[in-house]
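In: Need a 3D model of the following:
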Amino acid sequence: MPAPHTDDVLVARTGAVLRVTFNRPGSLNALTTDMLATAARAIERGGTDAGTRAIVLTGAGRAFSSGADLAADGEATPSDGETPDPAIIDAANRLTMALRRVPKPVIAAVNGPAVGVGCSFAIAADFTVAKESAYFLLAFANAGLMPDGGATALLPAAVGRARAARMAMLAERITARSAVDWGLIAAVFPDNTFDAEVDRLATRLADGPTAAYAQTKRAFNATVLARLPHALEAEREGQSALFRTADFAEGIAAFRDKRTPRFTGV
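Out: Residues are numbered from 1 along each chain as shown. The predicted structure follows:
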């Protein structure tokens with residue numbers, strides 16, 4: 001299978017395992033629209049490639065992803081007097097749906113912080129495993145935004161509404177150990193054995209009954225995650241409106257000034 005790639009997303013297949021890697025380690029793998037589109041294409045193509053039997057999504061360097069990079073590629077930020085392009089939400093939604101719809105088992109190998117929409121992608125996988133030093137953070141509220149990338153459906157399905165509200169509204173950082181205890185992720189491994197454990201799990205899945213895995217995944221999508229497409233639509237509508245608020249402008253300004261934001265609800 002020809003491997004689509006850019007320098008910011010690495011795509012490689014070893015044996016029957018396709019690995020897709022966010023590759024902007026200098027920005028903790030902050031995600032651009034192009035990166036999201038490239039990753040989605042790679043996973044979609046992996047789904048139709050008979051030689052691919054398992055997929056690993058991970059990040060280069062010390063982070064899985066720090067979330068969307070709203071300032072990249074000329075996309076506006078509040079300081080520009082314009083709002084971010086909703087195209088980045090569309091690209092994120094495409095990647096989330098690719099992770100759920102691809103008829104191959106997907107492992108999110110969370111090698112470091114999974115923040116914002118990066119957290120959404122991590123929990124969209126079939127198996128989310130993390131380094132002991134990793135953590136999960138829906139930081140949207142700190143910028144006057146709401147979770148996206150499907151988090152409003154994926155998170156309650158995994159941990160229940162009460163814990164989902166803690167993560168979504170209070171922007172609580174959840175350690176990898178707590179994430180296992182909550183049922184948010186499948187496993188946590190020591191940092192020094194993490195890569196070997198991911199390889200072991202990927203090989204086991206690739207050697208397994210992948211047709212059965214595909215049907216199991218399809219059933220999960222039809223039951224537990226049946227409302228995911230509706231959640232993505234609601235998130236797009238809500239996030240697009242929030243991009244135009246004073247609270248979002250204040251959240252971004254406070255982050256840049258390294259101070260506590262003063263939100264007004266408008």
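
In: which parts of stretch 210-222 are buried?
Out: For stretch 210-222, the neighbour count (16 or more other C-beta atoms under 10 Å) marks 210, 213, 217 as buried. C-betas here are computed from N, CA, C, even on glycine.

In: quick one: it to chain centroid distance?
Out: Taking C-alpha atoms, centre = their mean, to the nearest Å, one finds stretch 210-222 lying 20 Å from the centre of the chain it belongs to.

In: outside of it, which residues touch it?
Out: The set of residues external to stretch 210-222 that reach it, using C-beta atoms under 8 Å, 6 or more residues apart in numbering, is 53-54, 100-101, 103-105, 126, 205, 228.

In: go with 6 Å
Out: With C-beta atoms under 6 Å, 6 or more residues apart in numbering as the test, stretch 210-222 has contacts from 53, 100, 103, 105.

In: Emit the PyMOL select command for whichever of those residues are buried.
Out: This is the PyMOL syntax for the buried subset of these, where burial follows 16+ other C-beta under 10 Å:
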select buried, resi 53+100+105
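
In: how about residue 64, what does it touch?
Out: 110-112, 114, 118.

In: Looking at the buried residues of stretch 210-222, which one is closest to residue 264?
Out: Ranked by distance to residue 264 (C-beta to C-beta), the buried residues of stretch 210-222 are led by residue 217 at 43.5 Å.

In: so where does that closest one fall, helix or strand?
Out: According to DSSP states H and E, residue 217 maps onto helix 210-222.

In: follow-up on the earlier one: ok, which pair from the contacts of residue 64 is furthest apart?
Out: 111 and 118 (11.4 Å).

In: Quickly note the distance from residue 156 to residue 7.
Out: Per C-beta to C-beta, to the nearest Å, residue 156 is found 36 Å from residue 7.

In: re the thing from before, just the ones of the contacts of residue 64 in strands?
Out: 110, 114 (DSSP state E).

In: May I see the contacts of residue 64 arranged in TSV, with distance to residue 243 as well?
Out: Output for the contacts of residue 64, formatted as TSV (distance: C-beta to C-beta, whole Å):
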residue	distance to residue 243
110	27
111	30
112	27
114	22
118	19
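
In: if we take the contacts of residue 64, which one ends up nearest to residue 163?
Out: residue 114 (16.0 Å).

In: which ones are touching the closest one?
Out: Taking C-beta under 6 Å, 6+ apart, we find residue 114 in contact with 64, 122, 136.

In: Let me know the secondary structure of the closest residue to residue 13 other than its chain neighbours.
Out: Leaving aside its sequence neighbours, residue 13 sits nearest to residue 52 (C-beta to C-beta, 6 or more residues apart in numbering; 6.2 Å). Secondary structure for residue 52, judged by DSSP: H, G, I helix; E, B strand; the rest coil, is coil.

In: how close does residue 52 get to residue 161?
Out: Distance from residue 52 to residue 161, counting by C-beta to C-beta: 35 Å.

In: Right, I'll leave it there.
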